[in-house]
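Undergrad: Could you work out the structure for the sequence below:
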Amino acid sequence: MKTAFYLYSVVHNKLDTASSRIRGDWLIKYWQDAEPIHFGRNYDAIIYQKVYEVRHAKVFKGVKILDVCDPDWLQTKEPFVEMIKEVDAVTCPTENLKRVMEQWVDKPVIVIPDRHDLEYFREKKIHNGRAKEVCWFGYSHNSSPLKSARKYLTENDLAISIIADQPVILSEQEAGINVHERFTKWNLDTVNKEIIKSDFVIMPGSKAPAHHFKSNNKTIHAHLLNMPVATSVEELERYIDPKNRIEDAGKNLKIAEEQYDVKKSVKEFKELIERLSEQNRVSHK
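TA: Below is the predicted model:
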């Protein structure tokens with residue numbers, strides 16, 4: 001079945017958007033009958049990837065899926081609700097998102113995890129020696145959890161590499177904590193090489209409401225580079241020792257390669273479209 005992806009990155013002219021890459025571009029790469037939407041072409045199905053084009057959905061007659069990766073109803077409730085009315089199903093990457101949406105969405109909500117193009121992760125970290133530097137990567141506006149980590153980095157004599165869209169702005173109090181920090185601007189072509197320059201990745205927990213709905217895509221990104229991820233002080237201290245990094249990184253890499261290949265997501269989306277198409281045929285008889 002010919003399938004189009006209506007991508008957030010195209011609608012908003014943000015060409016390197018993580019959600020569109022993970023839940024759009026990488027699927028299209030391994031899906032022979034899928035492509036970014038070309039207006040005027042005929043399609044059997046459309047996946048609206050974080051796109052709320054209600055007027056378009058109203059006139060399209062094929063299978064319609066809304067793919068949601070954030071609690072967008074907190075910011076755009078009216079078009080979000082209207083869009084739900086027009087689609088056949090909603091997909092999302094996490095069980096937490098699914099549970100909330102199922103409480104007030106009268107359509108099937110299906111979890112399809114964030115998965116990755118394994119060909120993109122050719123670099124692998126080789127661990128040796130006491131850790132000297134940790135890495136944090138992501139959008140700068142999600143960096144607030146780093147505040148809690150700076151003190152522990154100083155206590156453990158660890159520098160930090162930050163890879164983001166722009167430098168993280170520190171408060172006067174944070175800036176007073178003496179941590180050696182280097183910034184690298186995020187670039188899809190170089191980010192993996194930059195990440196493995198450090199010894200392990202840190203991802204401190206966050207109390208922000210939206211964090212509750214976040215997927216594990218950054219953790220899996222790190223694991224596919226053979227990089228362990230510390231989410232607590234205990235893990236941070238554990239990964240200073242190279243033996244612990246080697247042990248955990250190896251186990252996590254194997255799981256990531258087996259469970260988070262984007263080809264699995266292609267299969268799940270195709271099966272969902274076939275199921276919805278059959279339901280639509282039955283209901284229109």
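
Undergrad: Let's check: the centremost residue of this structure is which one?
TA: Nearest to the mean C-alpha position of the chain, by CA atoms, centre = their mean, lies N217 at 4.1 Å.

Undergrad: and it, what is it in contact with?
TA: Contacts for N217 (CB atoms under 8 Å, 6 or more residues apart in numbering) come out as A18, I22, P93, D114, H116. Every C-beta, even on glycine, is put in place using the N, C-alpha and C of the backbone.

Undergrad: R245 versus the closest residue in space to L97 that isn't next to it in sequence, what's the distance?
TA: Distances taken as CB to CB, 6 or more residues apart in numbering place F213 nearest to L97, at 5.0 Å, with adjacent residues excluded. For F213, the distance to R245 (CB to CB, to the nearest Å) stands at 29 Å.

Undergrad: One more: N280?
TA: N280 is 51 Å from R245, by CB to CB.

Undergrad: out of the two, which sits in the busier spot?
TA: Between N280 and R245, counting by other CB atoms under 10 Å, R245 is the more crowded of the two (23 against 14).

Undergrad: Against P71, how distant is the more buried one?
TA: Separation of R245 from P71 (CB to CB) stands at 34 Å.

Undergrad: likewise I112?
TA: I112 sits 17 Å away from P71, going by CB to CB.

Undergrad: same thing with L118?
TA: Applying CB to CB to L118 and P71 gives a distance of 29 Å.

Undergrad: which of those two has more neighbours?
TA: Per other CB under 10 Å, whichever of L118 and P71 has more neighbours is P71, with 18 against 15.

Undergrad: need the contact list for the closest residue to A34 other than its chain neighbours.
TA: In space, and not counting its chain neighbours, A34 is closest to T3: 4.4 Å by CB to CB, 6+ apart. By CB under 8 Å, 6+ apart, T3 lies in contact with W31, D33, A34, E35, Y43, D44, A45, I46, I47, F269, I273.

Undergrad: at 7 Å instead, please
TA: T3 makes contact with D33, A34, Y43, D44, A45, I47, I273 under the criterion CB atoms under 7 Å, 6 or more residues apart in numbering.

Undergrad: same thing with P204?
TA: Taking CB under 7 Å, 6+ apart as the test, what P204 contacts is P145, L146, S148, A149, T231.
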